[in-house]
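Colleague: Quick one, what's the 3D model for this:
(chains A, B and C)
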Amino acid sequence: METLKVVRKTFTMLSENHTQVLDITKQIRDIMLSADVKEGILLVNSLHTTCALFVNEFQGALIEDVKTMIQSLVTENNGYRHDDPRYSDCERGNAHAHLRAALLGRSVAVGVNDGDLALGRFQSIIFAEFDGPRAREVNLQVIGE
Amino acid sequence: METLKVVRKTFTMLSENHTQVLDITKQIRDIMLSADVKEGILLVNSLHTTCALFVNEFQGALIEDVKTMIQSLVTENNGYRHDDPRYSDCERGNAHAHLRAALLGRSVAVGVNDGDLALGRFQSIIFAEFDGPRAREVNLQVIGE
Amino acid sequence: METLKVVRKTFTMLSENHTQVLDITKQIRDIMLSADVKEGILLVNSLHTTCALFVNEFQGALIEDVKTMIQSLVTENNGYRHDDPRYSDCERGNAHAHLRAALLGRSVAVGVNDGDLALGRFQSIIFAEFDGPRAREVNLQVIGE
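Modeller: Numbers count the residues shown, from 1 in each chain, chains lettered A, B, ... in the order given. Here you go, the predicted model:
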């Protein structure tokens, strides 16, 4: 049995639109490969409260459906208190972005098998910006042997 | 202090219906017991994009309520672009299944305490098929001592 | 390279209302500090099926918006089978609480960087009670070096 280790990395993403969904599997995989871990787990966290991370198929039409779904479940300008200067000093009008991030989650954990991400054939790690354009920090840990 | 180790396992589930919700706690627990880890964490991931994993009570009437909720939040045949041959070459008409999986999540992480899953009295690890019947791979890592 | 270790802890939360959203970052951070881990990951799980854990900004007006969103997506007394004595012997009438917990999730994993939680400036670890008042157990693992 080999000794386990932990490797940490943070990288920055630049979103270019208010709402933008990006496939970040390649960035994550490259970091994992540099960690030189063969078996273990990888944890990815956004360090923000108005963008999300999740895993699904990154297919253009489906991504449009994801945006439509989340915009339908959490509409913009819905009388949110967080956007009302009487109750909040946040001036971004971004309550919808917080709520969308809370629904989709900001964290992905995947296995590391044989030195690669344990993702299925159609799975991508997906970043969803809901209050861009912004610079976003993504924090990773790889633990394993 | 003992040395930590990582154990990996993949197993296949066979769903029998288009929508099917199954309690997989026993399969997961058996794998965990065979890993011989006393303290640590267990990570379970579906390797697919149209089924989900989550933790809740596995009670028949409640499972019907879960299905009703997810079918209400994400209706079938809602004009999804992923189901439209002009925008997608996927011919399964399964956009609703992708969206349901994205909402509920495809990953469960639980603690391992005293050699058993750290689940509460009413907690089960639940697999939800949204595009069955299919064969589904589930990937696990146990890390601990 | 140092040897990795795993530290486990369980603590109890007392909620005081039917629906209550609490910032538990300080309790979690204190436990993490006592684990004396510099780099690794922290896993937090509720051991219950009618409350949630998630990460977002803990700002009073926004928390009201979170409650409004979840109450809108999953309404109370919506003819749930889990609340119907013909289908369930649960007498709490709490199907809505199960469904809200399933949507928001009951688990948070965050990195440990330089001996502190890898949380962004506006991120808090948030506990959401949907069937209180209750005593709730929260289980944690810290794995790292």
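Colleague: Test my guess that residue A:111 contacts residue B:45.
Modeller: Yes. Using CB atoms under 8 Å, residue A:111 makes contact with residue B:45 at a distance of 6.0 Å. In this view, the C-beta of every residue, glycine as well, is placed from N, C-alpha and C.
Colleague: Overlap in contacts, the two.
Modeller: By CB atoms under 8 Å, 6 or more residues apart in numbering or on different chains, residue A:111 and residue B:45 have these common neighbours: A:118, B:139, B:140.
Colleague: Cross those residues against strands and list the overlap.
Modeller: B:139, B:140 (DSSP state E).
Colleague: Can you tell me the SS state at the one residue in chain A that gets nearest to chain B?
Modeller: Proximity of chain A to chain B (CB to the nearest CB) peaks at residue A:120, 3.3 Å away. For residue A:120, the secondary-structure state derived from DSSP: H, G, I helix; E, B strand; the rest coil is coil.
Colleague: can you pull the pLDDT of it?
Modeller: Model confidence at residue A:120, given as pLDDT, is 98.
Colleague: Likewise for residue A:3?
Modeller: Residue A:3 is given a pLDDT of 87.
Colleague: Which positions in chain A make contact with chain B?
Modeller: A:1, A:3-4, A:39-41, A:54-57, A:59-62, A:64-66, A:69, A:73, A:103-105, A:108-113, A:118-123, A:143-145 (CB under 8 Å from any CB of the partner chain).
Colleague: which of those residues are close to chain C?
Modeller: A:3, A:4, A:41, A:73, A:103, A:105, A:109, A:143.
Colleague: Which of those residues sits closest to residue C:11?
Modeller: Nearest to residue C:11 among those: residue A:109, at 22.5 Å, using CB to CB.
Colleague: Near the closest one, how many other residues are there?
Modeller: 23 (other CB atoms under 10 Å in any protein chain shown).
Colleague: tell me which element the nearest residue to it once chain neighbours are set aside falls in.
Modeller: Distance criterion CB to CB, 6 or more residues apart in numbering or on different chains; nearest residue to residue A:109, sequence neighbours excluded, is residue A:43 at 5.0 Å. In this structure, residue A:43 sits in strand A:40-46 according to DSSP states H and E.
Colleague: Report the closest residue of chain A relative to chain C.
Modeller: Counting by CB to the nearest CB, chain A gets nearest chain C through residue A:47, at 3.3 Å.
Colleague: Now do the contacts for the residue positioned nearest the centre of chain A.
Modeller: When CA atoms, centre = their mean is applied to chain A, the residue found nearest the centroid is residue A:53 (2.1 Å). Contacts of residue A:53 were listed using CB under 8 Å, 6+ apart, and they are A:44-46, A:104-108, A:125-128, A:138.
Colleague: Now the residues you listed in JSON lines, please, with extra columns for pLDDT.
Modeller: Converted to JSON lines, the contacts of residue A:53 look like this (pLDDT from 0 to 100):
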{"residue": "A:44", "pLDDT": "98"}
{"residue": "A:45", "pLDDT": "98"}
{"residue": "A:46", "pLDDT": "98"}
{"residue": "A:104", "pLDDT": "97"}
{"residue": "A:105", "pLDDT": "97"}
{"residue": "A:106", "pLDDT": "96"}
{"residue": "A:107", "pLDDT": "98"}
{"residue": "A:108", "pLDDT": "98"}
{"residue": "A:125", "pLDDT": "98"}
{"residue": "A:126", "pLDDT": "98"}
{"residue": "A:127", "pLDDT": "98"}
{"residue": "A:128", "pLDDT": "98"}
{"residue": "A:138", "pLDDT": "98"}
